[in-house]
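Undergrad: Quick check, what structure comes out for this input:
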Amino acid sequence: MQIEILTPEKKLFAGNAYGIQLPGVGGSFEVLEKHAPMVSALGNGVVKILLDKSGKNNNAYTIKGGFIEVLDNKVTVLLEGVSAS
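TA: Just a heads-up that it's a prediction; the model follows:
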C-alpha cells in the first residue's frame with residue numbers, strides 16, 4: 001500500500017509499506033492493505049509505519065495531531081506538526 005506523510009513544512013515519508021499505526025482521537029488504530037475508504041482525525045502520539053510483516057522494520061514519528069485519508073489502497077496523512085525525536 002502507498003503511504004504519504006506530509007507536514008506544512010515538508011514531506012516526511014512517501015513509499016510502500018505493509019501498514020500504518022496511528023493515534024486516533026478516540027484511540028489508536030491500524031490501517032493495512034485494502035482497507036475501506038475513511039477519513040479520521042488524529043490526536044497527539046506516535047505514528048508507526050510498518051515496512052514489512054515481520055514488525056522489525058518500522059519508521060516512527062511523534063506527532064501533534066492531524067488527519068488521515070484512506071482511498072484506493074493509498075494512505076495520506078496530513079500532520080499539524082512533528083515533535084523532535
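Undergrad: got a list of what Thr62 touches?
TA: The contact partners of Thr62, taken as CB atoms under 8 Å, 6 or more residues apart in numbering, are Gly45, Val46, Val82, Ser83, Ser85. Bear in mind the C-beta positions are built from the backbone N, C-alpha and C, glycine included.
Undergrad: Pull out the buried positions in the helix or strand harbouring it.
TA: Assigned by DSSP states H and E, Thr62 belongs to strand 58-71. Buried residues in strand 58-71, defined by neighbour count with 16 or more other CB atoms under 10 Å: Asn58, Asn59, Tyr61, Ile63, Gly66, Ile68, Val70.
Undergrad: Leu50: which of the residues you listed is nearest?
TA: Asn58 (5.9 Å; CB to CB).
Undergrad: burial of the nearest residue to the closest one once chain neighbours are set aside, as a residue count?
TA: Distance criterion CB to CB, 6 or more residues apart in numbering; nearest residue to Asn58, sequence neighbours excluded, is Lys48 at 5.4 Å. Look at Lys48: counted by other CB atoms under 10 Å, it has 19 neighbours.
Undergrad: got it, and Leu78?
TA: Using other CB under 10 Å, Leu78 is surrounded by 15 other residues.
Undergrad: Need the distance between the two termini of stretch 17-35.
TA: Start and end residues of stretch 17-35 are separated by 13 Å (CA to CA, to the nearest Å).
Undergrad: To clarify, my last question referred to stretch 74-83.
TA: End-to-end distance (CA to CA), stretch 74-83: 25 Å.
Undergrad: again with stretch 8-26
TA: 24 Å.
Undergrad: now stretch 48-66
TA: 14 Å.
Undergrad: now that stretch: how far from the chain's centre is it?
TA: In terms of CA atoms, centre = their mean, to the nearest Å, the centre of stretch 48-66 is set 7 Å apart from its chain centre.
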